[in-house]
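Visitor: could you work out the structure for the sequence below:
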Amino acid sequence: MSRYLILLILTTPFVLAGIINALVAHKLGKLRRKKYFFQTLLWLTVFIGIALAQPIYDFLFANDLTRTEPLSLFDVIQITAIVGILFTVNRARTKIETLERRVQDLHQELSIKLSEETKNTER
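Guide: Predicted structure coming up:
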């Protein structure tokens, strides 16, 4: 089995999870349309880049544009880890944005309640 195929098999779940997370967040109204398209485009770019890694390498090697060795097993694991970290960081960023929005909403509610209490005590 080709190492490029192993790389594609190992990274596909992260890419699919990233696309599905973006879709669910968009449908729940947590993600604006522009960010949804950006995240989907990001994950599709990662997938296409990984899927085309072998043809690109073969082209570069055939035209004598590179003299590097094909992927080693370590490279496969390393690239898979990078994609996994990208997935984790993206989820953490989404959660942080949600928490920031929630804290901002709570701060606004608290400010309104405090100003109402101040008005009531002044009377």
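Visitor: only C-alpha atoms from now on, for both contacts and neighbour counts.
Guide: Will do.
Visitor: any idea which residue sits dead centre in the protein?
Guide: Nearest to the geometric centre of the chain sits residue 90, at 3.9 Å (C-alpha atoms, centre = their mean).
Visitor: and the gap between that one and residue 19?
Guide: For residue 90, the distance to residue 19 equals 11 Å [C-alpha to C-alpha, to the nearest Å].
Visitor: on the three-state scheme, residue 11 is what?
Guide: helix (DSSP: H, G, I helix; E, B strand; the rest coil).
Visitor: skipping adjacent residues, who's closest to it in space?
Guide: Nearest non-adjacent residue to residue 11, counting by C-alpha to C-alpha, 6 or more residues apart in numbering: residue 80, 5.6 Å away.
Visitor: how about low-confidence regions in the chain?
Guide: 123 (pLDDT under 70).
Visitor: before we move on, the earlier item: and the helix or strand containing the residue nearest to the centre of the chain, how far from the chain's centre?
Guide: If you go by DSSP states H and E, residue 90 is part of helix 73-122. Put simply, helix 73-122 sits 15 Å off its chain's centre (C-alpha atoms, centre = their mean, to the nearest Å).
Visitor: likewise stretch 31-48?
Guide: Here stretch 31-48 is found 8 Å from its chain centre; the criterion is C-alpha atoms, centre = their mean.
Visitor: also stretch 1-12?
Guide: Put simply, stretch 1-12 sits 20 Å off its chain's centre (C-alpha atoms, centre = their mean).
Visitor: rewinding a little: which helices and strands sit right next to the helix holding residue 90?
Guide: helix 3-27 (3 or more C-alpha pairs under 8 Å, 6 or more residues apart in numbering; DSSP states H and E).
Visitor: for the helix it packs on, list every residue counted as buried.
Guide: 4, 7-8, 10-12, 14-15, 18-19, 21-23, 26 (16 or more other C-alpha atoms under 10 Å).
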